[in-house]
Each structure stands twice: as structure tokens, then as C-alpha cells.
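Q: Below: sequence and its predicted model.
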Amino acid sequence: MIKLVFILLCCGVYTFGFAQEKPTSFSRDLKTNERENKKFQSTQDVAVFILSKYSTEGEKIKGIYSWVTQNIQYDKTGAFALNAGPDKNAKVYVAFTRRRGVCENFAGIFNDICQKAGFQSYVIEGITQMNNQIAEGAHSWVTVQVNKEWYFFDPTWDEGGKFQYFMSAPEEFITTHIPFDPLWQFLAHPYNEGQVKKGSTMQHISGPLNFKDSLSAWLQMDSIGKLESAERRILNAASQNRNAKTNLSVVKMNLEIERQGEQVEWHDLATQNLNDAVRLMNTFIEFRNDLTLLQKSDAELKKLLTIARDKIARALEYLDKIDQSNAKLVMGTWPERERIVKLKNNLGTQESFLTQYLNTSLAERKALFYR
């Protein structure tokens, strides 16, 4: 089985920053005490605690948000290197252990606990603005479905136990948080950065959008379909923001990686089918060489070569998929195709013999092996 590894480099790097925050009142009624906090070794532990303590979705989501905003501290020391590493899980698990991180970590930890507590939730990336000014760095926040409705949460901006950006409605949240992918605005008429100004008339970047239908369709897509649809929406937004352009390059890079990974999967499946065809043909040849054919039923012998031909046809389908891939770097399939030519020739020889064998009377079949 051939394995290919593709390495892509992306020159664009996000600059995630801790954007401005507004003072608000603190709410500590759901804070865990120090002894309880030390017992939590993972996000799963927190989720189990929340589920044991609260029954309604509203209580649960408030408990999760309270725990994250009061027990995770903003600290960029070492966090940028951590988040730039190849292990995506480190954004959650290492930051959780340290109880420190930047917006990616706050969002990742909150999202992970929500999902483990049974909520449907997603981390969103985008840009932020305060006083109609776009912030320098990109940012991460979370959307969660609570009681069948979608809300937005920014645990980073609510560090310390605040609830200003807790369960925000889409129409309110868009004035400060603008996703790179317009789908995650959850608005009937998505906006672009520069057009989202609190208290002013905002222009739309596209026609009407039923975000619930779009989200439902997105959830049914595979990873490539999700990235392709995101790329189309981001391109349609035509954002001129530097971070948005970097995000688009990352989406394209991830799409290429997924497409190349898909090619590897198709190649493996083609190879597996060819190996199966060879095994079936070899079984038939062994039966022929040691006269075991005479002890096998006609149906069994036909089945061996029929399945072998089907396996070759299936392998060709996978090779055609590779040749038609939308990846920029497409794998070559000629070695496998040359192999198939030889297999088909050999299979044709065995099929010709089997046809002659089946058309020969039982009493005369043995004589075929001595000519």
C-alpha cells in the first residue's frame, strides 16, 4: 500500500489579539471553589460537574461560561507558540492544564466543554471592532445552540466572570464581532467589515440568506464540501481586511490538504481492490494447477473471476477520481494503470480457459489439463 505525504506551507499567519473590552458587573454565583477546581483534570471533568449540578440548558450554559471566564486567565506568554504548533488539541488541553491562554484557547476550552455537555457548538474566527474601528488582530469566539436557538459567546472578552458577551443575539453581536465566513453571522442579510457600524445604516454583501437552511446543509457536507462552501462565501464577501485575506489563504490551504488526503484515500482503495483481484486470480490459478477445479462447483469458479473483474473495475473508478481531482497537486496513476493492463490480460486468459472448461462435459474436463 502506497502512502504519500504532502506538505504545504502557508505564508500567512493570524495575529490574534486581546481586543478592547467594556467594564461590566461581575457574577460569581456559579464559581467553583478552589478545592473543586483542582479536581478538574480535563474539560470532561468540568462537563460532568456541570451536568451533575444543573438540569436546564440555560443553567448549564451559564455554569460552563462562568467556570471558563473565572478560571482561565488571559496570558499570551507562550500561547502563540502553542497555538502555532501542529497539534490542534493542544489549544484546548494544554491551555486547560495551564489555565491560561489567548482567545483561541478561551474559545476552544469553552467550545469543548459545551460539546461534552451535549450542546451543539462551534468556534468562529473573525475580526472585531470597537467604536467603529476594526481591531488590529483576528479573534475567536463561540456559537452555541441553546433551547433550539443560536447565540454567541466571547469568553475572552468576559474574562474574570463578566457576562456582557454571554448569549448575545446575532443582530447585537455583529456590531462588534464579524466572522470571516458570513454564514456564521446567522443573519438573513450578512454584512462585511466596514459596513457594520453600530447605530448606522448597514449595507448587505449578498442577497437574503436562510442561515438555518444553510447551516443544515453545511452540517451534511464532508470536510471538503464545508471548506469549498466557506471559500465561496468568503470570496463573495470580497473583504479587504488583512486578517480576512489571511484566513482565506488558510481555508484554501486546508482545502488543498483535504483534497490531497482524499487522493491518498482513493489510491489506497484502488490498491486494495487490485490486491483483492490478484488474490482471487491466484486462487483460481492454484485451483487450476492442482486440479482442484474439478472439485469446485461451476458457480464458485465463475464467482472468483467475476469478483476479480469487479475489483479491477472498482480500482479504475478510484484512479479516475484521482485524475479528476480538484487538487492543485494531482497524484500520478500510471503505475497502477499499467498494472491493471497486465491484470486484465491475465484475467482474460483465465476467463477463456474457464469458458472452455464450463462448455466441456464433466467426463471430459480432466483431459483439458493434459493437453
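A: That came in fine, so what should we check first? Residues are numbered from 1 along each chain as shown.
Q: ok now do Asp276, which residues does it touch?
A: Each residue near Asp276 by C-beta atoms under 8 Å, 6 or more residues apart in numbering is listed here: Ile307, Ala308, Lys311. For every residue, glycine as well, the C-beta is placed using N, CA and C.
Q: so it is in which element?
A: Using DSSP states H and E, Asp276 falls within helix 242-289.
Q: same thing with Lys91?
A: Here Lys91, judged by DSSP H and E, is contained in helix 90-98.
Q: Buried ones in that helix, by neighbour count?
A: Ala90, Lys91, Val92, Val94, Ala95, Phe96, Arg98 (16 or more other C-beta atoms under 10 Å).
Q: quick one: that helix to chain centroid distance?
A: Averaging C-alpha positions (C-alpha atoms, centre = their mean, to the nearest Å) puts helix 90-98 20 Å from its chain's average.
Q: which strands and helices sit next to it?
A: Counting contacts by 3 or more C-beta pairs under 8 Å, 6 or more residues apart in numbering; DSSP states H and E, helix 90-98 packs against helix 43-53, helix 79-83, helix 103-116.
Q: so what's Ala47 closest to, chain neighbours aside?
A: In this structure, Ala47 finds its nearest non-sequential neighbour in Lys116, 3.8 Å apart by C-beta to C-beta, 6 or more residues apart in numbering.
Q: sorry, back to before: any idea which of the contacts of Asp276 is closest to Phe49?
A: Lys311 (52.3 Å; C-beta to C-beta).
Q: what pLDDT does the nearest residue to Phe186 once chain neighbours are set aside get?
A: Once flanking residues are discounted, Phe186 sits nearest to Pro170: 4.1 Å by C-beta to C-beta, 6+ apart. Per-residue confidence (pLDDT) for Pro170: 94.
Q: Next SSE downstream of the helix holding Lys91?
A: Using DSSP H and E, the helix or strand that follows helix 90-98 towards the C-terminus is strand 100-101.
Q: So for that following strand, mean pLDDT?
A: 90.
Q: Where does the prediction get shaky in the stretch 101-250 of the chain?
A: Within the stretch 101-250 of the chain, the segments meeting pLDDT under 70 span 193-209.
Q: Kindly reformat the buried residues of helix 90-98 as CSV containing distance to Leu291.
A: Converted to CSV, the buried residues of helix 90-98 look like this (distance: C-beta to C-beta, whole Å):
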residue, distance to Leu291
Ala90, 62
Lys91, 65
Val92, 64
Val94, 65
Ala95, 69
Phe96, 68
Arg98, 71
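Q: returning to that earlier point: let me know the closest of the contacts of Asp276 to Leu227.
A: Nearest member of these to Leu227, counting by C-beta to C-beta, is Lys311, at 31.6 Å.
Q: tally of neighbours for the closest one?
A: Around Lys311 there are 23 other residues, counting by other C-beta atoms under 10 Å.
Q: in what helix or strand does it lie?
A: Taking DSSP H and E as the definition, one finds Lys311 inside helix 298-323.
Q: I'd like the average pLDDT over the next helix or strand after that helix.
A: Sequence order places helix 334-358 as the next helix or strand after helix 298-323, per DSSP H and E. The pLDDT scores in helix 334-358 average 95.
Q: try stretch 73-82
A: So the average pLDDT for stretch 73-82 ends up being 73.
Q: At the geometric centre of the protein, which residue sits there?
A: What sits nearest the mean C-alpha location of the chain, by C-alpha atoms, centre = their mean, is Ser223, with 4.5 Å.
Q: Which residues are in contact with that residue?
A: Here Ser223 is in contact with Glu258 (C-beta under 8 Å, 6+ apart).
Q: how near is it to Tyr122?
A: Distance, Ser223 to Tyr122, by C-beta to C-beta, to the nearest Å: 14 Å.
Q: same deal with His177?
A: His177 sits 14 Å away from Tyr122, taking C-beta to C-beta as the criterion.
Q: Just give the closest residue to Glu262, not the sequence neighbours.
A: Ile224 (6.4 Å).
Q: Now do Lys31, the pLDDT please.
A: Lys31 is given a pLDDT of 54.
Q: follow-up on the earlier one: how far is the helix holding Lys311 from where the chain is centred?
A: 31 Å.
Q: May I see the buried residues of that helix?
A: Applying 16+ other C-beta under 10 Å to helix 298-323 flags 301, 304-305, 308-309, 311-312, 314-316, 318-319, 321-322 as buried.
Q: would you say Lys76 is within a strand?
A: No: counting by DSSP: H, G, I helix; E, B strand; the rest coil, Lys76 is not part of a strand but coil.
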